[in-house]
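In: Using only what follows, build the 3D model:
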Amino acid sequence: MCVSRLCAISVDLDAISNYRAIHGLDPGPIAPDPVLRLGVDRLSEWAREVGLPITWFVVGRDLDDPAFAESLLGLCARGHELGNHSLDHFYDLTRRDQATMRDQVFLSSERLSRLTGRSAHGFRAPGYTLSDELLDVLKELQVPYDSSLFPCPIYYAAKAVALLGQRMFGRRSSAILDKPQVLAACTRPYRMGVAYQEDDNGIVEIPIQVTRGLRLPWIGTSIVLLGSQGVRALVHQVIGERLLNLELHGIDALDAGDGLGELAVVQRELRIPWRSKLRSFSNVVRQLKQAGYRFVTLQELAREVSPAAR
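Out: Numbering: from 1, shown residues only. Next up, the predicted model:
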């Protein structure tokens, strides 16, 4: 019997102020935020051109922007999915008390429900960090799936070095490191219990994609920085997996020319023209379609997850 190969593409709609906070910069005066305007417009048009739905992870507070909320409603009408990226995008959410965690998940979900008329939304934690306490909140609120774990040694090491460097130069980043145990977590979609372990009764977890073997990051940032040959090699290392999760960010559709010259000094993918980045994503989609993958939302992909998926 032929087994269907599925790929979901998601976009984290992190505002520019979040990136500035990661690098220890002041929030900046940018308004309206180019991620919520240009990033969404460019990526939604790209999705239409290549013929696929996207799961957009929305920070609840940004729904106060009527134009942004209206654009998201239009995306829903075209078959896209909205996910919950917390209310305020606290990078240290897992270090806050459980009442704050609950409010951050519930209040954002409530705003999304008022907008879409749907009561359940998948969740992605800010900065990819989870904890058993946050997991308890997701279970209590009956979140249909989570897509936060990033079991990637290279990403973890690079983040640790960057945070150390910022402290040495007197800058304070809002980002935090996850527990090192995440590096041993399952890399394929599965049902997750405490301490990232498999649990037949656990919540559906769809990890941020890594390759087989070395667990290299297969996300938008690595795709735009590697170049065409590197990207082809990276794609070959994930082809064959039945369920794929390609995560992009709204900033992937921006560049320094969008008023982000200062941020481009420390966020090097902004030095690459946004049209070139979208062409790179199109090439990846083309490779995956040729390999027999069908593109779905993360919610659809989550329905395919069975117990013990390792």
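In: helices and strands around the longest helix anywhere in the chain, which ones?
Out: In the chain, with assignment by DSSP state H, the single longest helix is helix 98-116. Applying 3 or more CB pairs under 8 Å, 6 or more residues apart in numbering; DSSP states H and E, we find helix 98-116 packed against helix 66-77, strand 81-84, helix 132-140. Just so you know, the C-beta spots here come from the backbone N, C-alpha and C atoms, and that holds for glycine as well.
In: Go ahead and confirm D199 touches E205.
Out: No: with contact defined as CB atoms under 8 Å, D199 does not count as touching E205 (9.9 Å).
In: More neighbours: which of the two?
Out: E205 (27 against 16; other CB atoms under 10 Å).
In: show me where pLDDT drops low in this structure?
Out: Along the chain, the parts satisfying pLDDT under 70 run over 1-3, 29-30, 307-310.
In: Show me the helices in it, by range?
Out: So, for the chain - with DSSP H - the helices run 16-22, 40-50, 66-77, 98-116, 132-140, 153-168, 220-226, 228-236, 261-264, 274-290, 298-302.
In: And the ones you listed: which comes nearest L6?
Out: helix 298-302 (5.3 Å; CB to CB).
In: Could I get the buried residue list for that closest one?
Out: 298-299, 301-302 (16 or more other CB atoms under 10 Å).
In: which residues does W56 contact?
Out: Contacts of W56 were listed using CB atoms under 8 Å, 6 or more residues apart in numbering, and they are 10-11, 13, 40, 72, 75, 80-83.
In: wait, L138 sits on D146?
Out: Yes: using CB under 8 Å, L138 is in contact with D146, at 5.8 Å.
In: between those two, what contacts are shared?
Out: By CB under 8 Å, 6+ apart, L138 and D146 have these common neighbours: 123, 203.
In: how many other residues sit next to the closest residue to V285 other than its chain neighbours?
Out: Spatial nearest neighbour of V285, chain neighbours left out: V50 (5.1 Å); criterion: CB to CB, 6 or more residues apart in numbering. Applying other CB under 10 Å, we find 16 residues neighbouring V50.
In: could you list every residue that touches V50?
Out: V50 is in contact with 281-282, 285, counting by CB under 8 Å, 6+ apart.
In: sorry, back to before: tell me the buried residues in the longest helix of the chain?
Out: With burial defined by 16+ other CB under 10 Å, the residues of helix 98-116 counted as buried are 101-109, 111-112, 115.
In: what does stretch 271-287 give?
Out: For stretch 271-287, the neighbour count (16+ other CB under 10 Å) marks 272, 274, 277-278, 280-281, 284-285, 287 as buried.
In: now, which of those sits nearest D65?
Out: W274 (21.1 Å).
In: could you list every residue that touches that closest one?
Out: Residues near W274 by CB under 8 Å, 6+ apart: 42, 252-255, 258.
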